[in-house]
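Enquirer: Return atomic coordinates for the entry below.
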Amino acid sequence: MSAGIIGSAQVAGRTILNEVESKNLLAAAGVPVVAAQIATTRDEAVAAARAAGFPAVMKVLSDDLPHKSDVGGVRLGLADEAAVAAAYDAMMAGIRAAAPHARIDGVSIQRQAQPGVEVIIGMTTDPQFGPVLMVGLGGVLVEVLKDVAFRIVPVSARDAGEMVRELRGLPLLQGYRGAPAADLGALEAIVQSLSRFAQDNPEVREIDLNPVFAYPNGAVAVDARVVVAAKETAA
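Expert: Here you go, the predicted structure:
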């Protein structure tokens, strides 16, 4: 599956995979994700939400809109088919008004995940060291406190465990103030899956799972973004 999804994007001249492509790619690599489906019309969006289950989430798919929320490109808590239809019409109208030149490839539809402890897990390519994995506490903790841990690929089971446990925000994962403890093993498994995926797919340059919801039993990536190298052309 990796070769097909990545190759198709490269042939089309794209380096950023959309959310649905990214999730399909990572799910095949063993990363648990909230499945998403592409819809390009209101009726397709309604059908996709019906299949996914309610409440549903709708997000615009567009390479021209890196900050979807800023233009009304994310709608949460859509309770039924009527809400999905209304949200689709309002989203398309709002985006056309806010960013009239943006190319819209459709929307992604998924079931809204139950909230958990927010974690960010990703990969970037260092010009000297190659693929480097990152784990951090999500939300304001990663933005303000920069509470993250890094390791160079390949990442062993021991490395993955150390990454999670050296975070300053670890108490939030261990059950702060009576909250249930998160499944640290599930987070470590995602890190190792990304490590193997990065090794097997050197054309992948970046991976961003944000947020990952950590639960007492398991963890799941709610959103995903994969960046690949541009297709090489013959001289």
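
Enquirer: can you list the domains in this protein?
Expert: With domains defined by automatic domain parsing, the chain comprises 35-112, 117-228.

Enquirer: which one of those domains lies closest to V11?
Expert: Shortest distance between V11 and these, using Cβ to Cβ, is found for domain 117-228: 11.5 Å. Just so you know, the C-beta spots here come from the backbone N, C-alpha and C atoms, and that holds for glycine as well.

Enquirer: Just the mean pLDDT for stretch 193-213, thanks.
Expert: The pLDDT scores in stretch 193-213 average 96.

Enquirer: now do stretch 127-136
Expert: Computed over stretch 127-136, the mean pLDDT rounds to 96.

Enquirer: wait, is I6 part of a helix?
Expert: Yes: with DSSP: H, G, I helix; E, B strand; the rest coil as the criterion, I6 is located in a helix.

Enquirer: Please give me every residue in contact with the closest residue to it other than its chain neighbours.
Expert: Nearest in space to I6, with sequence neighbours left out and distances taken as Cβ to Cβ, 6 or more residues apart in numbering, is V228 at 5.3 Å. For V228, the contact set (Cβ atoms under 8 Å, 6 or more residues apart in numbering) comprises I6, A9, Q10, T15, L17, E203, V204, R205.

Enquirer: would you list the domains of the chain in TSV and tack on distance to A29?
Expert: As requested, the domains of the chain are exported to TSV (distance: least, Cβ to Cβ, whole Å):
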stretch	distance to A29
domain 35-112	14
domain 117-228	4
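
Enquirer: Neighbour-wise, which one of the contacts of V228 leads?
Expert: L17 (24 neighbours; other Cβ atoms under 10 Å).

Enquirer: who's in contact with that one?
Expert: Residues in contact with L17 (Cβ under 8 Å, 6+ apart) are I5, I6, A9, L25, R225, V226, V227, V228.

Enquirer: do that again at 7 Å, thanks
Expert: Counting by Cβ atoms under 7 Å, 6 or more residues apart in numbering, L17 touches I5, A9, L25, V226, V228.

Enquirer: Please tell me how far the last one sits from G13.
Expert: If I follow you right, that is V228. V228 sits 12 Å away from G13, going by Cβ to Cβ, to the nearest Å.

Enquirer: Kindly report the same for A85.
Expert: Separation of A85 from G13 (Cβ to Cβ): 33 Å.

Enquirer: When the two are compared, which one has more neighbours?
Expert: With neighbours defined as other Cβ under 10 Å, A85 and G13 compare such that A85 has more, 16 against 8.

Enquirer: Now do the helix or strand containing that one: which elements does it pack against?
Expert: Applying DSSP states H and E as the criterion places A85 in helix 81-98. Applying 3 or more Cβ pairs under 7 Å, 6 or more residues apart in numbering; DSSP states H and E, one finds that helix 81-98 contacts helix 42-52, strand 56-61, strand 74-78.

Enquirer: With mean neighbour count and mean pLDDT as added columns, please give these in a markdown table.
Expert: Formatted as a markdown table, these follow (neighbours: other Cβ atoms under 10 Å; pLDDT from 0 to 100):
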| stretch | mean neighbour count | mean pLDDT |
| --- | --- | --- |
| helix 42-52 | 18 | 98 |
| strand 56-61 | 24 | 97 |
| strand 74-78 | 17 | 97 |
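
Enquirer: which stretch among the ones you listed comes nearest D105?
Expert: With respect to D105, and counting by Cβ to Cβ, the nearest of the helices and strands packed on helix 81-98 is strand 56-61 at 4.4 Å.
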